[in-house]
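Colleague: Any chance you can model this:
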Amino acid sequence: MRNPPVRSAPFQNTSIPSDQCHFESYAQNCCNHACLSKGGYIMSDEYGKSVRIIRENRNLSLSQLSDGIVSKSTLDKFELGDSSISFENLLPLLQRLRVSLSEFLYRVNEHSTSSVTQTLQKASRAYSRKDVLSLKRQLSELVNEKILEPKNLPFHRLDIIAVKAALGMLQNVPLPKEDVDFAVSYFLTQNEWFHYDLAILQFLPPFLTSDILTQLVDTLFKNIPTFFHSCPTSR
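Modeller: Numbers count the residues shown, from 1 in each chain. As a prediction, the model looks like this:
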């Protein structure tokens with residue numbers, strides 16, 4: 001096992017997919033998970049917040065955006081998260097903002113804080129600041145955390161491994177072999193990879209041999225969620 005070089009930051013993929021077909025498929029996947037219920041009404045606060053951010057960025061007033069679509073007060077309450085809005089009213093609002101549905105759903109998905117990756121985002125920020133004390137504190141909290149999920153699930157240990165890896169990169173300390181083997185075994189047994197998996201993987205390359213890294217990269221391209229592979233350009 002080679003000692004890990006200190007890197008400037010873990011790899012983070014925050015760009016919108018460049019291929020239009022992939023972009024639309026990604027947005028469709030987001031739409032499948034959108035908080036739409038009760039007859040097609042937008043129920044999530046994040047949608048209203050995103051509309052407000054885009055409206056203010058466009059320098060449009062509440063009256064300018066809402067005119068002829070919904071009442072000014074309805075739009076105001078929606079942006080504040082105090083009320084819902086119908087999906088059929090959201091679409092003309094986006095049209096007036098000159099933002100496509102796919103762009104909007106991508107923004108909502110990327111800018112909402114997800115508890116699934118919150119631990120890893122925290123570790124990534126601490127790593128970027130080279131904040132060893134914060135990472136040590138986070139690692140201690142994770143190790144001593146009371147686990148509510150079944151103990152045979154891999155995710156809590158993967159979170160711990162990711163924080164250990166962030167510390168290891170800053171302190172030039174190898175990741176224990178049993179942790180590397182556990183993480184590699186997890187990735188090689190996944191049929192699909194999601195944001196959580198990529199968030200874990202970003203911390204691991206310095207601790208992997210070139211053969212293992214190549215194997216994981218090959219697996220990554222095979223196991224990106226299937227909605228990517230439904231596009232004609234990806235076949």
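Colleague: Next secondary structure after the helix or strand in which I200 is found?
Modeller: Taking DSSP states H and E as the criterion, I200 maps to helix 195-201. Heading C-terminal from helix 195-201, the first helix or strand you meet, by DSSP H and E, is helix 210-223.
Colleague: And for that next one, what's in contact with it?
Modeller: 184, 187-188, 190-193, 201, 205, 208 (CB atoms under 8 Å, 6 or more residues apart in numbering). Placement of C-beta: from N, CA and C, glycine included.
Colleague: Now do that helix, average pLDDT.
Modeller: Averaging pLDDT along helix 210-223 yields 83.
Colleague: can you tell me which residues contact L142?
Modeller: L142 sits in contact with 119, 156, 159-160, 163, where contact means CB under 8 Å, 6+ apart.
Colleague: Low-confidence regions, this protein specifically.
Modeller: Within the chain, the ranges that satisfy pLDDT under 70 run 1-44, 109-116, 223-235.
Colleague: What is the end-to-end distance of stretch 148-155?
Modeller: 12 Å (CA to CA, to the nearest Å).
Colleague: what's the distance between the spatially most central residue of the chain and L91?
Modeller: Nearest to the geometric centre of the chain sits H195, at 5.1 Å (CA atoms, centre = their mean). Using CB to CB, to the nearest Å, one gets 26 Å for the distance from H195 to L91.
Colleague: next one: H156
Modeller: Between H156 and L91 the computed distance is 41 Å (CB to CB).
Colleague: Domain ranges for the chain, per the record?
Modeller: Under automatic domain parsing, the residue ranges defining each domain of the chain are 20-111, 118-234.
Colleague: Wait, the residue nearest to the centre of the chain touches T117, no?
Modeller: Yes: assessed by CB atoms under 8 Å, H195 is found in contact with T117 at 6.0 Å.
Colleague: Remind me which helix or strand R52 belongs to.
Modeller: Counting by DSSP H and E, R52 is part of helix 45-57.
Colleague: for that helix, which positions count as buried?
Modeller: The neighbour-count check on helix 45-57 (16 or more other CB atoms under 10 Å) flags 45-52, 54-55 as buried.
Colleague: what ranges do the helices span in the chain?
Modeller: Taking DSSP state H as the test, the helices found in the chain are 20-32, 45-57, 62-66, 72-80, 87-97, 101-111, 118-128, 132-144, 155-171, 177-188, 195-201, 210-223.
Colleague: quick one: the third one to chain centroid distance?
Modeller: For helix 62-66, the distance from its own C-alpha centre to the chain's C-alpha centre is 31 Å (CA atoms, centre = their mean, to the nearest Å).
Colleague: rewinding a little: any idea which of the helices of the chain is most buried?
Modeller: Comparing the helices of the chain by mean neighbour count (mean count of other CB atoms under 10 Å), helix 155-171 ranks first with a mean of 21.
Colleague: for that helix, packing partners?
Modeller: When contacts are defined as 3 or more CB pairs under 8 Å, 6 or more residues apart in numbering; DSSP states H and E, helix 155-171 packs onto helix 118-128, helix 132-144, helix 177-188, helix 195-201.
Colleague: got these as TSV, with distance to L105 columns?
Modeller: Below are the helices and strands packed on helix 155-171 laid out as TSV (distance: least, CB to CB, whole Å):
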stretch	distance to L105
helix 118-128	20
helix 132-144	31
helix 177-188	28
helix 195-201	15
